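Asker: next one to model:
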Amino acid sequence: MSPKTVILFLATFQVILSLCKQISESPGLSAWLANPNEPIANGAFSFVFKANFVLDAKTNQSQDYALKYIKTEKSQWAKPRESKKNKQELSKIEKEEDISPKNDIAENYQLALQMKESDSEDKEFKQEIENLEFLSEKSNSDLHIVKYHGCFALGENRIILVQDFLSETVDHRIMAVKNPFKSLPLSLVVRFMAEQILDHLAYMHDAGVAHCDFKGENLMFVHFYEEVDINDHDKQLTMLQTRLIDFGFSSTKLCGDAFNWWGTPGFMPPESFDKRRLQPGMHFKQDIFAAGITLIDVLQRRMSDASEVYSASRRASQTSFKQSEHFEKAFLSFKQQLLNHDSQSQKMIVQKEKLIEVLYKMVELRPKERSDIATSSAELKEISIVLREIEVSEIKQQIIAI
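Answerer: Residues are numbered from 1 along each chain as shown. Alright, predicted model coming up:
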């Protein structure tokens, strides 16, 4: 290890050590540990809690944080779906064990490092910590992924990640009664799809990291949505800023034997279910398919309350896409639905057809024919610009006609 590398490592260690010290000495966090609230999310490998405490001693201001409690193989929480009494289990564990952060901060962080570097089968939380730390060090990371503040161990089998608390998921908002996208012009929705969905994934791919569980549920809005001047697209987009979360399945490695089950059915392409078709780098192709399904879902929920393409994809995944005719039919139905929605002028139809072509390339069932994220994002941005010009022109014509 070169002297420069040693210095960089020691500097990074001191920064993380300082974060651990701030986290573990926070009275608000200690109070939460003594009386935790109900989880706000319960996944296959973790619970997520909301807690309010002071992390930055300089400002001495408290704020909401998301505490992601990783369930390792040895943890008593390893199989949460088998029990409906998560809070009771947590209380029981806390009474039986001292899960307060260690007073010796160096020992506390070292324990977290040991857990991350151990030879156990807890690959998910190791990947999540490693990739969060790696991505957080990249420039402009705060524009694309949830802000990560550090982690600390609670005993030998449990670990907590501290992240910014964000408002709600894209998935939740597009299924809400007051779905904001229903009242927004198509040009702005397409721009949102490019800048607040695909650009996040492009950021990860440029860094050499695949998300491997991309979906609307893992995209969270930074703000609660407030209606502003519909003609001010920049302000509208500010209210629709998102960040990527949940990097438990993320990978920088070549796909392996276990890769075929990573992800969520409905967002997983055909090759994910067939080990014989898996090739190095295929997990990036999976992200593209998942992003395509997510974008189509945003558009379909804008036009109706159904998610036909996602539902068909999920149904096809049950047969490992051996029966994909329902998926093809659902996409054709979506195409017709989009062409008949909003303005149906010839210029608008041309741009809609281009939009449909971009989306079709993203959910192409043959991975070699599937487009890449950067190209798809660039094409959507170009389409959104032309759509906006057409919308403005049509509004002017309507005013003149009056």
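
Asker: CA atoms only for stretch 205-214, dumped as PDB, please.
Answerer: Output in PDB follows, covering the C-alpha atoms of stretch 205-214 (Å, rounded to 0.1, in the frame of the first residue of the first chain):
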ATOM      1  CA  HIS A 205     -23.900   2.900 -14.400                       C
ATOM      2  CA  ASP A 206     -21.300   5.500 -15.100                       C
ATOM      3  CA  ALA A 207     -19.800   4.700 -11.800                       C
ATOM      4  CA  GLY A 208     -19.800   1.000 -12.600                       C
ATOM      5  CA  VAL A 209     -22.600   0.100 -10.300                       C
ATOM      6  CA  ALA A 210     -25.900  -1.700 -11.200                       C
ATOM      7  CA  HIS A 211     -28.900  -1.200  -8.900                       C
ATOM      8  CA  CYS A 212     -30.500  -4.600  -9.500                       C
ATOM      9  CA  ASP A 213     -33.800  -3.700  -7.900                       C
ATOM     10  CA  PHE A 214     -34.800  -0.600  -9.800                       C
END
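
Asker: need the single longest helix in this protein, by residues.
Answerer: Ranked by residue count and defined by DSSP state H, the top helix of the chain is helix 373-401.

Asker: buried set for it?
Answerer: For helix 373-401, the buried set under the neighbour-count rule, 16 or more other C-beta atoms under 10 Å, comprises 373, 376-377, 379-381, 383-384, 386-388, 390-391. For glycine as for every other residue, the C-beta is placed from the backbone atoms N, C-alpha and C.

Asker: what of stretch 207-226?
Answerer: Using 16+ other C-beta under 10 Å as the test for burial, stretch 207-226 gives 207, 209-221, 225.

Asker: what's the longest helix of the chain packed up against?
Answerer: Secondary-structure packing of helix 373-401 (3 or more C-beta pairs under 8 Å, 6 or more residues apart in numbering; DSSP states H and E): helix 186-193, helix 199-206, helix 282-303, helix 346-362.

Asker: okay, the angle between the longest one and helix 346-362?
Answerer: The one in question is helix 282-303. Angle between the axes of helix 282-303 and helix 346-362 is 140 degrees (criterion: axes from the mean of the first three to the mean of the last three C-alpha atoms, to 10 degrees).

Asker: give me the mean pLDDT for the helix or strand following helix 282-303.
Answerer: Using DSSP states H and E, the next helix or strand after helix 282-303 towards the C-terminus is helix 308-317. Taken as a whole, helix 308-317 carries a mean pLDDT of 92.

Asker: what helices or strands is helix 308-317 leaning on?
Answerer: Helix 308-317 packs on helix 282-303, helix 325-340, going by 3+ C-beta pairs under 8 Å, 6+ apart.

Asker: tell me which residues in the longest one are buried?
Answerer: For helix 282-303, burial by neighbour count (16+ other C-beta under 10 Å) applies to 282-302.

Asker: that helix versus helix 325-340: what angle between them?
Answerer: With the same axes, to 10 degrees applied, the angle from helix 282-303 to helix 325-340 works out at 50 degrees.

Asker: which residues does the closest residue to residue 386 other than its chain neighbours contact?
Answerer: Spatial nearest neighbour of residue 386, excluding adjacent residues (C-beta to C-beta, 6 or more residues apart in numbering): residue 351 at 5.4 Å. By C-beta atoms under 8 Å, 6 or more residues apart in numbering, the contact list for residue 351 reads 383, 386, 387, 390.

Asker: does residue 219 touch residue 169 like I think?
Answerer: Yes - Residue 219 is within contact range of residue 169, at 6.4 Å (criterion: C-beta atoms under 8 Å).

Asker: quick one: low-confidence parts of the protein?
Answerer: 1-37, 43-45, 56-57, 71-125, 153-158, 225-230, 253-261, 275-278, 280 (pLDDT under 70).

Asker: redo that, cut-off 80
Answerer: 1-46, 53-62, 70-127, 151-159, 224-233, 253-262, 274-281, 323, 402 (pLDDT under 80).

Asker: what's the domain layout of it?
Answerer: Following automatic domain parsing, the chain resolves into domains at 3-164, 170-401.

Asker: quick check: end-to-end length of stretch 364-384?
Answerer: 22 Å (C-alpha to C-alpha, to the nearest Å).

Asker: contact partners of it?
Answerer: With contact meaning C-beta under 8 Å, 6+ apart, stretch 364-384 is reached by 187-188, 190-191, 193-195, 198-199, 201-202, 205-206, 269-271, 277, 282, 285, 287-289, 291-292, 321, 324, 327, 351, 354-355, 358, 361-363.

Asker: with stretch 388-400 instead?
Answerer: Residues from elsewhere that reach stretch 388-400 (C-beta under 8 Å, 6+ apart): 185, 186, 187, 188, 191, 233, 343, 345, 347, 348, 351.

Asker: mind redoing it with 6 Å?
Answerer: 185, 187, 343, 347, 348 (C-beta atoms under 6 Å, 6 or more residues apart in numbering).

Asker: gap between the closest residue to the fourth one other than its chain neighbours and residue 42?
Answerer: With C-beta to C-beta, 6+ apart as the criterion, residue 347 has its nearest non-adjacent residue at 5.1 Å, and that residue is residue 390. Shown here: residue 390 relative to residue 42, a distance of 45 Å by C-beta to C-beta, to the nearest Å.

Asker: picking up where we left off before, using CSV, please lay out the helices and strands packed on helix 373-401 together with distance to residue 46.
Answerer: Below are the helices and strands packed on helix 373-401 laid out as CSV (distance: least, C-beta to C-beta, whole Å):
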stretch, distance to residue 46
helix 186-193, 28
helix 199-206, 20
helix 282-303, 20
helix 346-362, 29
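
Asker: I am finished for the moment; much appreciated.
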